[in-house]
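Novice: Coordinates only, no sequence provided:
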């Protein structure tokens, strides 16, 4: 008899709960240290067998090809996806975040929260993509895995893995992301610069007498446009 693969899932016991997942809402987390969106979800099983807890992992993937874009969004997204005529091959799904949480005990129906820290770094794919959308929704694919701790027929504790195929779609309103960013970085965009570039900009800022880095960059852009 051949041995089972080392990474094969543990066999499910008869009557073991097989959870289903649903995301019901998403909201910015108020007063969070970093910009954070909280996805609120439900977990359900088809049995009245008590579940002690679920050690849950959720992988968030953005699926850009699942929505339409207006002309302004297409223009802003060219840096990320290239010219629109190439989008059939360039708008593939990309990974956004992975979150782990503990789902508290429940019977038949429970709730959980997935806090996702976000970035407004315009050099990252997620920042470029979210920042380019005017309205509508972000098409997400969320894949769940983890471990379910539940009560067996004798009242003892038993363990089973979340089935491998637990994946759902969720259309996240871009307004949730926009409200989150507006609360943390009102009227601001963030672009990482190399240390040497920052030092050169600081020197030019002093030379120009600019009150802020933003004013300095604006003056440099104005000069470049005048010369052009």
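Specialist: Alright, I've got the coordinates. What you see is a predicted model; the values in this text were computed from it and never measured.
Novice: ok, the nearest residue to residue 185 once chain neighbours are set aside - how many residues close by?
Specialist: Residue nearest to residue 185 in three dimensions, not counting chain neighbours: residue 120, with 5.6 Å by Cβ to Cβ, 6 or more residues apart in numbering. C-betas here are computed from N, CA, C, even on glycine. Other residues near residue 120 come to 19 when the count uses other Cβ atoms under 10 Å.
Novice: With residue 129 as the reference, measure out to residue 120.
Specialist: 12 Å (Cβ to Cβ, to the nearest Å).
Novice: Next: residue 207.
Specialist: Distance from residue 207 to residue 129, by Cβ to Cβ: 37 Å.
Novice: Between the two, tell me which one has more neighbours.
Specialist: residue 129 (21 against 9).
Novice: my guess is the more buried one contacts residue 62, does it?
Specialist: Yes - counting by Cβ atoms under 8 Å, residue 62 is a contact partner of residue 129 at 6.4 Å.
Novice: Give the residues shared as contacts by the two.
Specialist: The contact sets of residue 129 and residue 62 overlap at residue 138 (Cβ atoms under 8 Å, 6 or more residues apart in numbering).
Novice: can I see the domain layout of the protein?
Specialist: 20-184, 195-227 (automatic domain parsing).
Novice: now those domains as TSV including mean pLDDT?
Specialist: Output for the domains of the chain, formatted as TSV (pLDDT from 0 to 100):
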stretch	mean pLDDT
domain 20-184	94
domain 195-227	83
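Novice: Check those for me and report the most buried one.
Specialist: Among the domains of the chain, domain 20-184 has the highest mean neighbour count (mean count of other Cβ atoms under 10 Å), at a mean of 16.
Novice: Go ahead and measure how far that domain is from the middle of the chain.
Specialist: 5 Å (Cα atoms, centre = their mean, to the nearest Å).
Novice: counting contacts, what elements does the strand ranked longest in the chain pack onto?
Specialist: Counting residues, the longest strand found in the chain (DSSP state E) is strand 137-151. Strand 137-151 sits against strand 20-28, strand 51-62, strand 157-161, strand 167-173, helix 174-184, with contacts defined as 3 or more Cβ pairs under 8 Å, 6 or more residues apart in numbering; DSSP states H and E.
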